[in-house]
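K.L.:
sequence? don't have it. structure:
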């Protein structure tokens, strides 16, 4: 049976901080819009900022659906699940906001995320919890974590900032989402 919590602390915090992977779900307001669910992870690419706030670095990729949905309506769900050890699932329902590289909050936020300064950071997604819950996770399969993939970091690490900006602009669904919503501001904002 699921249980709700006032904050992310103690056992919940310990559980979340051990997970190498989380999932983030967003959706546009329109009934015909595309729901988006994305796996996220990478050691040090995210942090619990306090007992109700979570942030992760949004690195360059082929789309920007999460950014577009958050810019439109802010609704978000984050889920962590145990693939090893005792079964557990933690969900945070809340409000999210993309913080772009030209935002005055950028330097402080990026400094709080251990691996935030890696190449290819285009936004920081900050999520404030409205509802925190956990449930049994009995149906989640057991799997072995082998490590983080390095392909994206290696690819982005070979690009200058100008090349990374061009990469972002060349993608069909980065500046505008699948549903035509504003995504990542282009040209790519520069860090302060």
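P.N.:
Structure received. All values reported here derive from a predicted model rather than from experimental measurement. Numbering: from 1, shown residues only.
K.L.:
the residue nearest in space to the middle of the chain is in what secondary structure piece?
P.N.:
Geometric centre of the chain, nearest residue: residue 56, 4.8 Å, by CA atoms, centre = their mean. Using DSSP states H and E, residue 56 maps to strand 53-59.
K.L.:
need the contact partners of that strand.
P.N.:
Among residues not part of strand 53-59, those counted as contacts by CB atoms under 8 Å, 6 or more residues apart in numbering are 8, 22, 40, 45-49, 64, 66-67, 78, 92, 98, 109-110, 112-113, 115-116, 118, 120-129, 152-153, 156. C-beta: built from backbone N, CA, C; applies to glycine.
K.L.:
okay, and which of those residues map to helices?
P.N.:
By the criterion of DSSP state H, membership of these in helices covers 66, 67, 109, 110, 112, 152, 153, 156.
K.L.:
which of the residues you listed count as buried?
P.N.:
66, 67, 109, 110, 152, 153, 156 (16 or more other CB atoms under 10 Å).
K.L.:
now, which of those residues sits nearest residue 35?
P.N.:
Closest approach between these and residue 35, by CB to CB: residue 66, at 11.3 Å.
K.L.:
what residues are up against the closest one?
P.N.:
Residue 66 neighbours (CB under 8 Å, 6+ apart): 24, 26, 36, 38, 58, 76, 96, 98, 125.
K.L.:
let me know the pLDDT of it.
P.N.:
Looking at residue 66, its pLDDT is 98.
K.L.:
flag every buried residue along the longest strand anywhere in the chain.
P.N.:
Taking DSSP state E as the criterion, the chain has its longest strand at strand 121-135. Using 16+ other CB under 10 Å as the burial criterion, the residues of strand 121-135 that qualify are 121, 122, 123, 124, 125, 126, 127, 128, 129, 132, 134.
K.L.:
would you point out the most distant pair within those residues?
P.N.:
Counting by CB to CB, the most remote pair of the buried residues of strand 121-135 is 122 and 134, 31.0 Å apart.
K.L.:
returning to what we had before: CSV for the buried ones among the ones in helices among the contacts of strand 53-59, including distance to residue 182?
P.N.:
Formatted as CSV, these follow (distance: CB to CB, whole Å):
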residue, distance to residue 182
66, 13
67, 9
109, 21
110, 23
152, 24
153, 27
156, 23
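K.L.:
so which of these comes closest to residue 191?
P.N.:
Nearest member of these to residue 191, counting by CB to CB, is residue 110, at 8.0 Å.
K.L.:
surely the closest one and residue 123 touch.
P.N.:
No - assessed by CB atoms under 8 Å, residue 110 is found out of contact with residue 123, at 10.5 Å.
K.L.:
pretty sure residue 164 is touching residue 101, no?
P.N.:
No - at 10.7 Å, residue 164 does not count as touching residue 101 under the criterion of CB under 8 Å.
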